[in-house]
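*Asks:* whatever this is, show me its structure:
(2 chains)
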There are 2 protein chains.
Amino acid sequence: MTNDTQNFYQQLLARAKDLIVLGSAASLVHWDMETVMPPKAVSLRSEQLALLSSISHKMGTDSEIGRLLQTITKSSEYERFGEVEKRNIHLIQKNYDEQTALPEKLVSETARQQAITVNTWKQAKAAKRFDLLKPDLEKLLDLNRQAAEILMKVKQTRTPYDALIDIFEPKMTADTITLIFNQLQQGLKELLAKIQVSPNQPGPSILKHTVPVEAQRKIAQVLSQTLGYETHTAKAGGRIDETEHPFTEGYYDDVRITTHYYPDAFSSSVFSVLHETGHALYEQGLPQKWKYQPVGSPCSMGFHESQSRFWENIIGRSREFWTALLPKVKQTAAPKLDTLELDSFVRAINRVAPSKIRIEADEVTYSLHVIIRFQIEKELFNGKVSVSELPALWNEKYAEYLGVKVQNDSEGVMQDTHWPSGLYGYFPTYALGNIYSGQITATLESDIQDWRGQVAKGNLNAIQEWLISNVYSFGDLYDPADLIRKVTGHSLDAEPYLSYLREKYGGLYGF
Amino acid sequence: MTNDTQNFYQQLLARAKDLIVLGSAASLVHWDMETVMPPKAVSLRSEQLALLSSISHKMGTDSEIGRLLQTITKSSEYERFGEVEKRNIHLIQKNYDEQTALPEKLVSETARQQAITVNTWKQAKAAKRFDLLKPDLEKLLDLNRQAAEILMKVKQTRTPYDALIDIFEPKMTADTITLIFNQLQQGLKELLAKIQVSPNQPGPSILKHTVPVEAQRKIAQVLSQTLGYETHTAKAGGRIDETEHPFTEGYYDDVRITTHYYPDAFSSSVFSVLHETGHALYEQGLPQKWKYQPVGSPCSMGFHESQSRFWENIIGRSREFWTALLPKVKQTAAPKLDTLELDSFVRAINRVAPSKIRIEADEVTYSLHVIIRFQIEKELFNGKVSVSELPALWNEKYAEYLGVKVQNDSEGVMQDTHWPSGLYGYFPTYALGNIYSGQITATLESDIQDWRGQVAKGNLNAIQEWLISNVYSFGDLYDPADLIRKVTGHSLDAEPYLSYLREKYGGLYGF
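*Replies:* Coordinates of the predicted model:
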């Protein structure tokens, strides 16, 4: 290859690196806002975030990037680039095309309307009045529809909604999701029915111990460290801090998790820490050689969620995990949890009970919450449902799928921040994550046959290394549909996840 | 004034605001690095800081700023701008002229050499070998000399060294500093002689209590809150965190102080917290109406230091302050400090003893450390002293001014990070701060005659409000020489500071 073409490629990578580094700085500023920021700083912080985002937009739409892309892709030497280089070029092109396609006015108006709508949502949720939210939600939805129409052309998707899904789960479509969610929903429905008629129901009361926050902090450290996430060593690349709604944020060598400690519900932080550690391990396990390159990113939001839910649920709610960890946790919290006993603890943390709130849902019903949201979103963007019809549709589906009666819209359609925050097409990735995690576990199981035995001994090394080699090492080299095939040899399929659930809950509930 | 001219001015302010907001974000990223950053993140962090600084440089040298400045200052309407507008224009012009005058290559080479030299300094200091530092320090000094030569022309200063001083203390010159430092040095020399022959010497042993870090954290909160710095309320705009070398960082509604807790030397964090709180109060007390404008900044590094040293020393080491605070501190640390007694505590924290290390120096000898550094810097930039002559010159002056014998260069010329960090012209601002603080205190005293009585009751309101009205409210409206005249009615004068010291130490040492 000529030096010129190589040189153009390096220039392109340098610009991509700047965008990545700037994004990581903005992400740090956001982390600070959600964890340690003094309350008075709110308005300064929004100025900082808005400026960083506008600088990023300017850098990302610089016409020089377009010229470099043009020169490289039209060059007769393009075909001589390797797979990684081509993927980098593809990801840069995708980002450039999408960012330049959206008019700046639409982007800034959407950002403005988003901030307004989140604020309205908080008030409407507190007042339990959907009518207060409706006008702003309609405006925001309209702006997102306009963006989706534009992105549909750039991304060449069949529908505007597909263009939004593609932001979080590249190349995934509502049609594919509908098929796989139907399969999942049917399986969950049958499983839930069996669980609900079982005479063998655990009580949740065993989890109602009071554990001081200081002890919970230590438990969090023990758990995340067991999973391989370092926070207190000289080579630590992580931290655990406190926030309202737990999240993970960071890049490679600085990936921070957050949690919320409730003195009277210690298991809440236990599972949020396992969940967020799963996210962090994925980020930290990306190939070092791809740092600062577009390919050095997680594959998709669905894959991200597959990792958080793998560690939270498949490992973190397994009898084997607690065989090894319960003694340590009891010791750390001593004497508060001294009476906890393995069997009843494992049953309590796996108690299945349909509820109205997604983030409190158990492993079996969780995906049903997500499926409801996906089905409604699809209709919203199809134009078959209007904003004013949302509450009734929501409540109807909750009654039908989960058998619960929503009393007011704050515990119904207004419970999540996603829609008022302008996140459409995001929800399905939660259940896709479950599905991926089932397929990945099945493959892991055939590669490391005694993995459960190792977990019971508190030895997670083999699993960690397997995930690094088989999932994290691919970074963003493939779109999710290709990656799942690469990792498991199969295309997207809900059956392994359903089998996992059937076997686990069959055991717990005795059927 | 026509809308056009107003419009150009607003455009200029908008660009200045972007630079300020970006700077505040970079400052947050830096704060994070020095306080909570996981150790592995070092290299990512330097990428982030380098990128933010390069973006800031690009934004600050955008030729559109030059065009706007040209249009506004050449406009026939320029004279109709008010004092504040003209100051904003002046400050923007100054920053633009200086930033555009320095070739990008020199800026980036200096940044690179700076990082290298700091690193070398750490190793050389650990090894107690100045010869290891010498080559890098020479290179760095040479780059700074080149910059100083360029800035000298832009700033129209008499010497290159004056151009560097001007960065930290606008319009101040080495000639003026020499005069005022001679006055200061003479006064300190006489005072120190009297103190040293006094039979009435306090022992420091009283401060050697072990106070657990947790109790020290609470003391820090009590002290900073007493000064009016809020960290734990719903309208708090501050935080106290831990770091290696205490500093203050932030902007208006988010100004954070840091400290270091030594279990066996609790007074270290006590005085660093009072010092840093002084810095923070200045930043937080700037006029809200000038937020995001260049005029909404502290006047100079010297004025900044006048505030930190006012609260640390003039208030914070006064008998009156501890009359009110010692009971609270003892209660907070109970039972660790129960035996502390006011008289001996006040004498212990004001013990005068010439030493080799600046940051451990007492109030009387501190400025002598600074004067030594200033005299050496001046000769360095005059070309009268070379880098290899630094250690000998340093040790000679320490012997002469402080009567101490430096054993090795790590406790001598290599003790501070300033020179290896490329900070030349910075040191004098420490002693200028002392001088300003003396003048400001004299004026405060004539305005609020019973201020010491109020302090003894723990009531600092009147002082806080006086400082806001008489110092902070001017922001960066005037250069320091003008501001000190505005605040006190007098030009720069070391006598008030010397009188304050004479009276205080005369009382303590009985002469």
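*Asks:* CA atoms for contacts and neighbours, from now on please.
*Replies:* Noted.
*Asks:* center of chain A - which residue?
*Replies:* Residue closest to the mean C-alpha point of chain A, counted by Cα atoms, centre = their mean, is A:Glu305 at 4.0 Å.
*Asks:* that residue in helix, strand or coil?
*Replies:* Three-state call for A:Glu305 (DSSP: H, G, I helix; E, B strand; the rest coil): helix.
*Asks:* wouldn't it be in contact with A:Leu281 here?
*Replies:* No - at 11.7 Å, A:Glu305 and A:Leu281 do not qualify as touching, with contact defined as Cα atoms under 8 Å.
*Asks:* so what's the closest residue to chain B within the stretch 401-511 of chain A up against?
*Replies:* Here the residue of the stretch 401-511 of chain A nearest chain B is A:Gly475; by Cα to the nearest Cα that distance is 18.4 Å. A:Gly475 is in contact with A:Leu286, A:Pro287, A:Val295, A:Gly296, A:Ser297, A:Pro298, A:Cys299, counting by Cα atoms under 8 Å, 6 or more residues apart in numbering or on different chains.
*Asks:* one more time with 6 Å
*Replies:* Applying Cα atoms under 6 Å, 6 or more residues apart in numbering or on different chains, we find A:Gly475 in contact with A:Leu286, A:Val295, A:Gly296, A:Ser297, A:Pro298, A:Cys299.
*Asks:* repeat for A:Gln439
*Replies:* Contacts for A:Gln439 (Cα under 6 Å, 6+ apart) come out as A:Pro496.
*Asks:* ok, it to A:Gly82 distance?
*Replies:* In this view, A:Gln439 and A:Gly82 are 29 Å apart by Cα to Cα, to the nearest Å.
*Asks:* so which strand or helix has A:Lys235?
*Replies:* Using DSSP states H and E, A:Lys235 sits in no helix or strand.
*Asks:* what sits against the closest residue to it other than its chain neighbours?
*Replies:* Spatial nearest neighbour of A:Lys235, excluding adjacent residues (Cα to Cα, 6 or more residues apart in numbering or on different chains): B:Lys40 at 5.3 Å. Neighbouring residues of B:Lys40 by Cα under 6 Å, 6+ apart: A:Lys235, A:Ala236, A:Gly237, A:Asp253.
*Asks:* can you list the residues you listed in JSON lines and add neighbour count?
*Replies:* Shown next, in JSON lines, are the contacts of B:Lys40 (neighbours: other Cα atoms under 10 Å in any protein chain shown):
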{"residue": "A:Lys235", "neighbour count": "13"}
{"residue": "A:Ala236", "neighbour count": "18"}
{"residue": "A:Gly237", "neighbour count": "25"}
{"residue": "A:Asp253", "neighbour count": "23"}
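*Asks:* and the residues you listed as a markdown table, adding pLDDT?
*Replies:* Output for those, formatted as a markdown table (pLDDT from 0 to 100):
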| residue | pLDDT |
| --- | --- |
| A:Lys235 | 93 |
| A:Ala236 | 97 |
| A:Gly237 | 97 |
| A:Asp253 | 97 |
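*Asks:* tell me which two of the residues you listed sit farthest apart.
*Replies:* Longest distance between any two of the contacts of B:Lys40 is 9.4 Å, between A:Lys235 and A:Asp253; criterion Cα to Cα.
*Asks:* so which bits of the stretch 151-300 of chain A are right by chain B?
*Replies:* Residues of the stretch 151-300 of chain A lying close to chain B by Cα under 6 Å from any Cα of the partner chain are A:Lys235, A:Ala236, A:Gly237, A:Gly238, A:Asp253, A:Asp254.
*Asks:* let's see it at 8 Å
*Replies:* Residues of the stretch 151-300 of chain A found near chain B (Cα under 8 Å from any Cα of the partner chain) are A:Thr231, A:Ala234, A:Lys235, A:Ala236, A:Gly237, A:Gly238, A:Arg239, A:Asp253, A:Asp254.
*Asks:* got a list of what the fifth one touches?
*Replies:* For A:Gly237, the set of contacting residues under the criterion of Cα under 8 Å, 6+ apart consists of A:Glu230, A:Thr231, A:Tyr252, A:Asp253, A:Asp254, A:Val255, A:Arg256, B:Pro38, B:Pro39, B:Lys40, B:Ala41.
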